[in-house]
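Novice: okay, here's the prediction I keep looking at, along with the sequence it came from:
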Amino acid sequence: MSGTGTAERTSDEGHGLRRSLGFRDLVVYGLLFIAPMAPVGVFGTLDARSHGAVALVYLVATVAMAFTAFSYAQMVRVVPQAGSVFAYARVGLGERAGFIAGWMAMLDYLLIPAVAYLFSGIAMNALVPEVSRWVWTALAVVITTLLNLWGVRVAARVGFLVLAMEIVVLLVFVVAAVVVLARDGAERGWLSPLSGDGTQGSFEVAAVIGAVSVAVLSYLGFDAIVSFAEEVTGGSEKVARAVLFCLALAGVLFIAQTYLVALLEPVSSAQLAAEPERQGAAFYDAVDASVGTWLHDLVAVSKAIGAAFAALAGQAAAGRLLFAMGRARGLPRVLSRTDSGVPRVALLCAGVVTLVAAVWAARRDDGLDHLASVVNVGALTAFTLLHASVVGWFVVRRGGRGESGGSVSWWRHAVVPVLGAVITIAVIVEASGVAQVVGAVWFLAGVAVLVARSRFTGPAPDRR
């Protein structure tokens with residue numbers, strides 16, 4: 001370790017990444033992965049579960065995820081490396097915990113892009129039904145994988161254009177919604193998106209919390225920013241600011257759009273709860289009924305393109321995770337090879353896994369349900385280990401010394417991460433039974449790999 005307490009960076013010939021990203025590029029990757037209109041697909045579900053208080057759900061979810069963002073900001077200053085929570089847990093909790101953290105995050109990073117590609121394929125198939133959705137899905141995987149292989153800078157530039165398009169569509173929706181509300185008034189009470197529409201009885205905190213357990217999944221992806229820590233110019237402080245800024249901006253966008261669409265929604269939350277088949281299209285139906293089909297189609301096209309590029313950002317982050325685990329010899333060393341600063345072997349492996357999973361799901365009627373049910377537990381388990389890493393590094397391993405050798409901040413390095421861990425564990429408890437079982441099986445598989453690796457190669461050195 002260096003004297004300042006920052007973890008030492010590993011760098012060897014053929015295993016280094018090129019520094020070429022700025023603050024804007026980091027925010028672009030984070031927002032691309034999250035997707036500015038992420039609530040579109042889950043609005044109906046959240047509206048039904050929260051009794052109409054869907055904007056409040058996203059307000060609470062933003063605050064809840066802020067704890068995780070804060071812990072990421074603490075650890076990226078300590079370990080400015082690719083690998084995200086894998087690198088942080090290795091330093092804060094030890095080699096074995098680091099491997100498990102990376103293993104659990106891998107479940108999320110490899111499958112979330114597959115879900116996004118499938119969303120893109122479904123949307124394009126709806127627009128051009130003559131072409132099967134698995135073909136659209138595969139095409140999206142191939143195009144974005146080629147962009148990632150071209151280099152992080154090129155992918156960031158193209159991603160910026162796509163993100164700009166998504167923001168413009170969102171602004172068009174906001175303006176159109178405001179015009180309709182000013183002209184025709186709201187279908188529900190003006191405060192109902194924050195207090196409930198009253199059609200399922202009185203306001204219930206439990207209903208909002210239950211919906212929050214679903215809503216936090218809209219934010220998965222902002223953490224991908226830290227995977228590019230070795231490719232940013234200007235140091236880890238820029239990465240920390242980008243993480244916090246990206247989460248805050250996403251929260252504002254989510255709250256604003258769900259507030260407006262809830263006011264436009266002609267169907268009550270009670271009706272959506274009684275007819276779950278209407279929940280998936282609730283956002284589109286509200287826009288169609290209040291504004292017009294033209295905006296419905298515009299939002300659908302934006303989602304089709306945006307989902308593919310959300311997967312691009314996710315695939316890039318997955319490649320960096322595999323690269324870091326290969327460099328640390330947690331996975332085969334070949335994954336850490338780079339070509340002109342691009343981890344092409346890791347990216348190709350991530351692309352192949354994503355392609356197989358996405359096309360398999362696209363060819364099944366229940367494929368989306370299967371994929372979506374398993375991607376979340378991996379991320380939330382990794383988040384829990386992230387919070388533990390903050391406590392492990394600052395409070396335990398450094399003996400209460402802060403980043404510059406001063407005394408530890410018990411608020412930043414103990415209270416906030418402990419609260420964050422409580423929140424992520426609570427969300428895991430609220431996850432579906434299928435997701436919990438798959439997460440447990442994946443966890444046990446990781447333990448088996450760890451034991452086998454230790455038996456055949458001996459324990460890796462502990463990075464204290």
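Specialist: That came through fine.

Novice: the helices in the stretch 201-350 of the chain, which residues?
Specialist: Assigned by DSSP state H, counting those that start in this stretch, the stretch 201-350 of the chain shows helices spanning 205-215, 236-264, 269-274, 282-290, 293-327, 344-362.

Novice: can you list the ones you listed in TSV and add mean neighbour count, mean pLDDT and distance to His51?
Specialist: For glycine as for every other residue, the C-beta is placed from the backbone atoms N, C-alpha and C. Shown next, in TSV, are these (neighbours: other CB atoms under 10 Å; pLDDT from 0 to 100; distance: least, CB to CB, whole Å):
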stretch	mean neighbour count	mean pLDDT	distance to His51
helix 205-215	19	81	5
helix 236-264	21	89	11
helix 269-274	19	87	5
helix 282-290	22	84	14
helix 293-327	25	80	25
helix 344-362	21	85	32
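
Novice: export those as CSV, with columns for distance to Gly189.
Specialist: Listed next are these as CSV, based on distance: least, CB to CB, whole Å:
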stretch, distance to Gly189
helix 205-215, 17
helix 236-264, 9
helix 269-274, 12
helix 282-290, 16
helix 293-327, 23
helix 344-362, 39
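
Novice: right, and those helices - which one's nearest Val27?
Specialist: helix 236-264 (5.4 Å; CB to CB).

Novice: show me what that closest one is packed against.
Specialist: With contacts defined as 3 or more CB pairs under 8 Å, 6 or more residues apart in numbering; DSSP states H and E, the packing partners of helix 236-264 are helix 23-34, helix 43-49, helix 54-78, helix 152-184, helix 192-195, helix 282-290.

Novice: make CSV out of those and add distance to Ser120.
Specialist: Shown next, in CSV, are the helices and strands packed on helix 236-264 (distance: least, CB to CB, whole Å):
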stretch, distance to Ser120
helix 23-34, 13
helix 43-49, 19
helix 54-78, 23
helix 152-184, 11
helix 192-195, 28
helix 282-290, 16
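
Novice: surely Ala358 meets Thr137?
Specialist: Yes. With contact defined as CB atoms under 8 Å, Ala358 counts as touching Thr137 (5.1 Å).

Novice: spit out the residues that contact the two alike.
Specialist: Common contacts of Ala358 and Thr137 (CB atoms under 8 Å, 6 or more residues apart in numbering): 117-118, 121.

Novice: quick one: low-confidence ranges for the stretch 51-200 of the chain?
Specialist: The stretch 51-200 of the chain contains residues with pLDDT under 70 at 82-83, 126, 151-153, 155.

Novice: correct me, but Phe222 touches Phe33?
Specialist: Yes. The criterion here is CB under 8 Å, and Phe222 meets it with Phe33 at 7.2 Å.

Novice: which ones are touching Arg167?
Specialist: Just so we're on the same page, residue 167 is Ile rather than Arg. By CB under 8 Å, 6+ apart, the residues touching Ile167 are Pro36.

Novice: distance of it relative to Leu220?
Specialist: Applying CB to CB, to the nearest Å, the value for Ile167 to Leu220 is 20 Å.

Novice: repeat for Phe67
Specialist: Distance, Phe67 to Leu220, by CB to CB: 15 Å.

Novice: for Phe222 and Phe33, work out which one has more neighbours and name it.
Specialist: The neighbour comparison of Phe222 against Phe33 (other CB atoms under 10 Å) goes to Phe33, with 31 against 27.

Novice: ok, for Val178, nearest residue in space, not its chain neighbours?
Specialist: Of all residues not flanking Val178 in the chain, Leu260 sits nearest, at 7.3 Å (CB to CB, 6 or more residues apart in numbering).

Novice: before we move on, back to that, and which of the shared contacts of Ala358 and Thr137 is nearest Gly433?
Specialist: Minimum distance to Gly433 across the shared contacts of Ala358 and Thr137 is 22.2 Å, recorded for Leu118 (CB to CB).

Novice: and the helix or strand hosting that closest one, how far out from the chain middle?
Specialist: In the assignment (DSSP states H and E), Leu118 maps to helix 95-127. In terms of CA atoms, centre = their mean, to the nearest Å, the centre of helix 95-127 is found 9 Å from the chain centre.

Novice: and that helix, what does it pack against?
Specialist: If contacts are counted by 3+ CB pairs under 8 Å, 6+ apart, helix 95-127 sits against helix 85-92, helix 133-150, helix 293-327, helix 344-362, helix 367-372, helix 375-391, helix 433-457.

Novice: which one, of the ones you listed, ends up nearest to Tyr58?
Specialist: It's helix 375-391; of the helices and strands packed on helix 95-127, that one is closest to Tyr58 (CB to CB) at 16.8 Å.

Novice: quick one: mean pLDDT for that closest one?
Specialist: What helix 375-391 shows for mean pLDDT is 85.

Novice: contacts for the very next helix or strand once past that helix, please.
Specialist: Per DSSP H and E, the first helix or strand lying C-terminal to helix 375-391 is helix 410. The contact list for helix 410, computed with CB under 8 Å, 6+ apart, is empty.

Novice: got the angle for the helix or strand that helix 410 is followed by vs helix 85-92?
Specialist: Moving toward the C-terminus from helix 410, the next helix or strand (DSSP H and E) is helix 416-430. Angle between the axes of helix 416-430 and helix 85-92 is 130 degrees (criterion: axes from the mean of the first three to the mean of the last three CA atoms, to 10 degrees).

Novice: many thanks, we can stop here.
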